[in-house]
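Q: sharing a model prediction with you, sequence too.
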Amino acid sequence: MNKSVARIGVGGPVGSGKTALLECLVPMLTQQGIEVAVVTNDLLTTEDADRLKKKGFLPESRIVGVETGSCPHTAIREDPTMNLLAVNDLELLYPELDLIFIESGGDNLASTFSYDLVDSYLFVIDVGAGDDIPRKNGPGFVQADLVVINKIDLAPYVGADLDLIRQQAPQHRKGKPIAYTNCKTKDGLSVVIDFILETVLFRTASTMPK
């Protein structure tokens, strides 16, 4: 299948805030005239797709839930056929689409996307998992096109050293971009939006405050 619409994967561990991130990013992109659709992956439910549909920021038919029935990384890396079919259906139904997000089911630090499925992918972690995550050198964290370190507001409440994360994460990412975000306050989301606009859609950066 040809990639006629830009595709961005969104991966990361369970509870890192992948769906919450999409709840922020999709309206911000649509406000800039970007035509968006979403494919979510869950093991045996469509829980994340249903959650996004309730937000009402996209027509429900633009949000597709895939029940993978297997380990999350299988459906985004080893055999992405189910996701490719869902993407193809969206492209046929909405030829005006600019971008399709493909959200993985919650996985571990080894989770990566096949570039046969996506053009680029984000890897989301949260500070609640500990300030040692960058040092673990998980393939998802190291290889992702953009890492989103989420829930930075929780650092003082969970004993995580955010300054240490900010120091060590760039070392292990070897210069690849990182965004530090708080979805509740929208802090850092402009970095993610600019990455999408400039790197994936090849458009000018947003005018949102950093």
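A: Sure, I can see it. These figures come from a predicted structure and were not determined experimentally.
Q: might one say that Asp50 is in contact with Gly65?
A: Yes: under the contact definition of CB atoms under 8 Å, Asp50 touches Gly65, with a separation of 7.0 Å. Every C-beta, even on glycine, is put in place using the N, C-alpha and C of the backbone.
Q: show me which of those two is the more surrounded one.
A: In this view Asp50 and Gly65 are compared by other CB atoms under 10 Å, and Gly65 has more residues nearby, 20 against 14.
Q: all the helices of the protein, residue numbers only.
A: For the chain, the helices defined by DSSP state H occupy 18-30, 47-55, 72-73, 81-93, 139-143, 155-158, 162-173, 189-195.
Q: for Lys186, which non-adjacent residue is closest in space?
A: The shortest distance from Lys186 to any residue other than its chain neighbours is 6.4 Å, reached at Cys24 (CB to CB, 6 or more residues apart in numbering).
Q: dump the residue contacts of the one you found.
A: The contact partners of Cys24, taken as CB atoms under 8 Å, 6 or more residues apart in numbering, are Cys183, Lys186, Leu189.
Q: pLDDT score assigned to it?
A: In this model, Cys24 is scored at 98, pLDDT.
Q: quick thing: my sequence starts at 29, can you match it?
A: Got it, first residue is 29 now, which makes that one Cys52.
Q: and it, how far is that from Gln196?
A: With distances taken as CB to CB, to the nearest Å, Cys52 is found 26 Å from Gln196.
Q: what about the protein, any weak spots by pLDDT?
A: Screening the chain residue by residue with the criterion pLDDT under 70, one finds the ranges 29-31, 236-238.
Q: quick revisit: distance to Asp154 for the helices of the chain - can I get that in CSV?
A: Rendered in CSV, the data for those read as follows (distance: least, CB to CB, whole Å):
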stretch, distance to Asp154
helix 46-58, 10
helix 75-83, 16
helix 100-101, 17
helix 109-121, 24
helix 167-171, 12
helix 183-186, 9
helix 190-201, 11
helix 217-223, 14
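Q: figure out which of those is closest to Val155.
A: When the helices of the chain are ranked by proximity to Val155, the top entry is helix 183-186, at 4.7 Å, counting by CB to CB.
Q: list the buried ones in the closest one?
A: Using 16 or more other CB atoms under 10 Å as the test for burial, helix 183-186 gives Ala183.
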